[in-house]
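Participant: predicted model and sequence follow; I will ask about them next.
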Amino acid sequence: MSAVWQLASRSWVSAASLWGAMSDWACPAWTSGWSGWVHGRLGRTFYTLSMLLIVVLLRWALGKAADRRISDGASYRKVLRLLNYGAVTVVLVSLWRIWIGKFGSIGTFLGLVSAGIAIAMQDTIANLAGAMYVFWTRAFHVGDRISIGETTGDVIDTGLFQFTMVEVGKWVDADQSTGRMVTVPNSKVLKTPLYNYTRGFAFIWHEMPILVTFESNWRAAKEIALRAGQEASHGLSKEAASQMKRMTRRFNIKYGKLTPVVYTKVVDSGILLTLRFLTRPRQRRGMEEKVWEYVLDAFAHRVDIDFAYPTTRYYDNRREGKPETGGPQAPGFDESGFMDSRSGATDSDASPADGVRLDGPDSDSGAEASGTIDSGRDASSSS
């Protein structure tokens, strides 16, 4: 790798010196006046095209040499990136040497060129600005998991104009890879919020809802959920605390608790227990599996805990409602709310104008259940 880099460095220096000599030869003293100006422009254009061709060929040859001598993928990508930066530098320096001598000052040169470039190459310039922003702010590096716009993935390459990610999520659950590679222009980091899952603090918070019925022993279920989170994230809290100390020196970030915690909430279908714990971004699915297996095994041995789920309940007012709203009568009282005779009421207590109903499912005698005793007649005379 060092041999390739030395060869590339010497090649770029030689190329820059060659372009300097060409620019001096392409701008002779006789190019004064209109005719000289025209010939000077044509000469500069010719040497500009020649320079671009030679730089492209040299870049291709050095890339082939690096491909043959470097077997490590990460080192090869770094060399290619350096070759690209070197080629761009040589091109810019050569253009400066070839064209700046005619215009005399950088202000005149930039004023004539920037007007056309700003319109024709605005996307390219924005991508270069985005690359500079990523480099100086260290927004992300190769290997980071980021989310920008509607795309989430692991960064596998960065360049002057775009960066490449391996997509995660979409139709795959728990942020696992889809296998697709996504190329994103660098200019997007200047326009869209960028989320970094791993920068500085290599953990994210994950929450799991566990719903149990109202009749369940929710305190025992909460204790089981907490133990499941502690078992799954064992050892992560200490490492997270160490990283958090370093984070607080750079950012105003403070977490009161880094260990698992369970929150309780009453919802329509039961009691919702929400387990919150730390996990690494690429281990979220595995951690969730461990928690669910622990909870399922623990709930299977408890007769007082049941999972809840959305259900539909039909309400029958005639069987379940209050007596005042047309529901069943309370034991020992009639429809008007007075004491039933079976609860100790006598015939003399009843009004001559009212009757006492004895029919009901708890009656001991069929005759009594089907008959009505008038208040003016004795019970024995009914026979």
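Facilitator: Structure's in. What do you need? Numbers count the residues shown, from 1 in each chain.
Participant: and Thr152, which of the three is it?
Facilitator: Secondary structure, DSSP: H, G, I helix; E, B strand; the rest coil: Thr152 is strand.
Participant: now for it: which residues touch it?
Facilitator: By Cβ atoms under 8 Å, 6 or more residues apart in numbering, the contact set of Thr152 is 145-146, 167-169, 175. (Each C-beta comes from the backbone N, C-alpha and C, glycine too.)
Participant: mind redoing it with 6 Å?
Facilitator: By Cβ atoms under 6 Å, 6 or more residues apart in numbering, Thr152 lies in contact with 168-169.
Participant: what bridges to it?
Facilitator: For Thr152, the beta-bridge partners under DSSP bridges are Ser147.
Participant: what ranges do the helices span in the stretch 101-250 of the chain?
Facilitator: 106-120, 122-137, 218-232, 236-250 (DSSP state H, counting those that start in this stretch).
Participant: so, low pLDDT: which residues of the chain?
Facilitator: 1-41, 74, 100-121, 174, 249, 313, 329-383 (pLDDT under 70).
Participant: look up the closest residue to Tyr309, ignoring the ones flanking it.
Facilitator: Ser269 (6.3 Å; Cβ to Cβ, 6 or more residues apart in numbering).
Participant: phi and psi next, for the one you found.
Facilitator: phi -100, psi 0 (degrees, to the nearest 10).
Participant: same thing with Ile305?
Facilitator: phi -130, psi 130.
Participant: just to revisit the earlier point, so of the helices of the stretch 101-250 of the chain, which one's packed in deepest?
Facilitator: helix 218-232 (a mean of 19; mean count of other Cβ atoms under 10 Å).
Participant: show me what it is packed up against.
Facilitator: strand 204-212, strand 261-267, strand 270-279, helix 284-300 (3 or more Cβ pairs under 6 Å, 6 or more residues apart in numbering; DSSP states H and E).
Participant: the inter-axis angle of it versus strand 204-212?
Facilitator: 150 degrees (axes from the mean of the first three to the mean of the last three Cα atoms, to 10 degrees).
Participant: next one: Tyr314 from Gly327, what distance?
Facilitator: Counting by Cβ to Cβ, to the nearest Å, the gap from Tyr314 to Gly327 is 15 Å.
Participant: test my guess that the residue nearest to Tyr309 contacts Pro310.
Facilitator: Yes - Ser269 is within contact range of Pro310, at 5.0 Å (criterion: Cβ atoms under 6 Å).
Participant: neighbour count winner among the two?
Facilitator: Ser269 (14 against 9; other Cβ atoms under 10 Å).
Participant: quick check: the more buried one vs Phe214, distance?
Facilitator: Ser269 is 9 Å from Phe214, by Cβ to Cβ.
Participant: just to revisit the earlier point, quick one, which of Tyr314 and Gly327 is more surrounded?
Facilitator: Taking other Cβ under 10 Å, Tyr314 and Gly327 do not tie; Gly327 has more neighbours (14 against 5).
Participant: which residues are in contact with that one?
Facilitator: By Cβ under 6 Å, 6+ apart, the neighbours of Gly327 are 317, 321.
Participant: how about the helices and strands packed on helix 218-232 in a markdown table, adding distance to Ser75 and mean neighbour count?
Facilitator: What follows is the helices and strands packed on helix 218-232, written out as a markdown table (distance: least, Cβ to Cβ, whole Å; neighbours: other Cβ atoms under 10 Å):
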| stretch | distance to Ser75 | mean neighbour count |
| --- | --- | --- |
| strand 204-212 | 31 | 17 |
| strand 261-267 | 44 | 13 |
| strand 270-279 | 32 | 20 |
| helix 284-300 | 31 | 16 |
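Participant: closest one to Gly43 among the ones you listed?
Facilitator: Minimum separation from Gly43 across those (Cβ to Cβ) falls at strand 204-212, 60.0 Å.
Participant: what's next to that closest one, contact-wise?
Facilitator: Residues contacting strand 204-212 (Cβ under 6 Å, 6+ apart): 197, 218, 221, 225, 270-276, 279, 281, 284, 291, 305, 308.
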